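*Asks:* please work out how this folds:
(one chain, ligands or ions: 1)
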Amino acid sequence: MRIDLVTIFPRACEAALGEGIVRRAIDRGLADVRVHDLRDHTADRHRTVDDVSYGGGPGMVLKAEPLFKAVEAITAEGPVDAVVLTSPQGRRFTQAEAARLAALGHIVLLCGRYEGVDERVRTALATEALSIGDYVLSGGELPALVIVDAVVRLLPGAVGDEQSVEADSFSRGLLDYPHFTRPAEFRGLRVPDVLLSGNHGEIRRWRKREALARTLALRPDLLPHAELDDEAREMLRAMRDERGAEHGRH
Ligand code: 9D3
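*Replies:* Numbering: from 1, shown residues only. Here you go, the predicted model:
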């Protein structure tokens with residue numbers, strides 16, 4: 001898969017892509033990630049990428065022309081499946097959006113900055129706009145890097161253990177179960193006995209119950225969308241009955 005990232009902070013983006021799973025996926029040839037300096041697509045002496053807002057008001061707006069030029073240079077090399085504008089007004093980026101993008105052959109990510117981006121970029125250049133959540137960031141670089149990370153780790157072979165991708169909490173739609181490593185007791189805090197028992201059936205059921213209990217307590221909004229088998233549904237019913245009975249006693 002090829003991913004092109006267009007930004008005014010190319011070095012910061014390169015640095016973030018040079019570590020971890022994304023770096024390994026690039027080294028293994030699974031992902032071809034290219035970072036472009038937006039200023040390389042300006043024509044004036046000052047390499048201007050922004051300007052004041054029509055209608056007045058504070059803050060600078062990212063100009064349309066450098067972004068159009070950058071995308072045209074990329075599309076001249078071959079077909080592009082999606083041109084994504086990172087924007088606070090975008091659709092929320094989720095694991096499902098990551099899976100959709102990971103199935104494409106070539107995407108371009110445009111990083112917004114300043115108070116905004118000339119609206120013609122969204123209407124006539126981008127094919128979609130994505131936000132990573134409801135908080136104010138200074139620009140689209142971190143969102144674009146979040147998208148690259150979530151997409152690249154879905155490419156076959158990117159994560160060492162394919163099982164861990166498959167088993168990842170959000171691919172089943174639940175929160176993860178608790179994890180422990182050695183020692184069995186740390187400052188008086190014990191690892192649950194079941195995990196030391198060697199009883200793999202018990203361990204599997206304990207993890208499943210913990211994942212369901214945490215999801216019920218912390219993210220009940222996830223449960224209607226989760227893939228639950230008969231065993232999971234029975235565990236949940238038992239937990240809800242137990243909680244209901246508890247409330248009844250108080
Ligand atoms: C406080 C400024 N806002 C009102 C004038 C508008 C605004 C413009 C540009 C707010 C943030 C930004 C920069 N952010 C992004 O470009 C961005 C973003 C984000 O801030 N949060 C979550 N996802 C994204 S994707 C791109």
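
*Asks:* C-alpha from now on. contacts and neighbour counts both.
*Replies:* Noted.

*Asks:* tell me which element the nearest residue to Arg39 once chain neighbours are set aside is part of?
*Replies:* Distance criterion CA to CA, 6 or more residues apart in numbering; nearest residue to Arg39, sequence neighbours excluded, is Arg47 at 5.4 Å. Using DSSP states H and E, Arg47 maps to neither a helix nor a strand.

*Asks:* so what's the backbone phi/psi at Arg47?
*Replies:* phi 50, psi 50 (degrees, to the nearest 10).

*Asks:* per-residue confidence for it?
*Replies:* On the pLDDT scale, Arg47 is placed at 98.

*Asks:* domains in this structure, as residue ranges please.
*Replies:* Per the record, the chain has its domains at 2-152, 185-249, by automatic domain parsing.

*Asks:* doesn't Ala226 make contact with Arg172?
*Replies:* Yes. Under the criterion of CA atoms under 8 Å, Arg172 makes contact with Ala226 at 6.0 Å.

*Asks:* for the two, indicate the residue with more neighbours.
*Replies:* Of the pair Arg172 and Ala226, Ala226 is the one with more neighbours under other CA atoms under 10 Å, namely 17 against 14.

*Asks:* who's in contact with the more buried one?
*Replies:* 172-174 (CA atoms under 8 Å, 6 or more residues apart in numbering).

*Asks:* over to Glu14?
*Replies:* So Glu14 contacts Val35 (CA under 8 Å, 6+ apart).

*Asks:* contact residues of the protein facing the ligand?
*Replies:* Counting by CA under 6 Å from any ligand atom, the residues of the chain close to the ligand are 86-88, 112-116, 131-140, 143.

*Asks:* just the ones in helices from the residues you listed, please.
*Replies:* The helices, defined by DSSP state H, take in Pro143 from the residues of the chain next to the ligand.

*Asks:* could you check how far the residue lying farthest from the centre of the chain is from Asp44?
*Replies:* Relative to the centre of the chain, and counting by CA atoms, centre = their mean, the farthest-placed residue is Arg249 at 43.0 Å. Going from Arg249 to Asp44 by CA to CA, to the nearest Å gives 75 Å.

*Asks:* identify the bridge partners of Leu85.
*Replies:* Applying DSSP bridges to Leu85 gives these bridge partners: Leu110, Ala129.

*Asks:* run a quick neighbour tally on it.
*Replies:* 26.

*Asks:* past the lowest-mean-pLDDT helix or strand in the chain, which element shows up next along the chain?
*Replies:* The weakest-scoring helix or strand in the chain, judged by mean pLDDT, DSSP states H and E, is helix 169-172 (a mean of 57). Sequence order places strand 185-186 as the next helix or strand after helix 169-172, per DSSP H and E.

*Asks:* who does that next one pair up with?
*Replies:* When DSSP bridges is applied, strand 185-186 pairs with strand 189-190 (antiparallel).

*Asks:* if anything else comes up later, I'll come back, but that's it for now.
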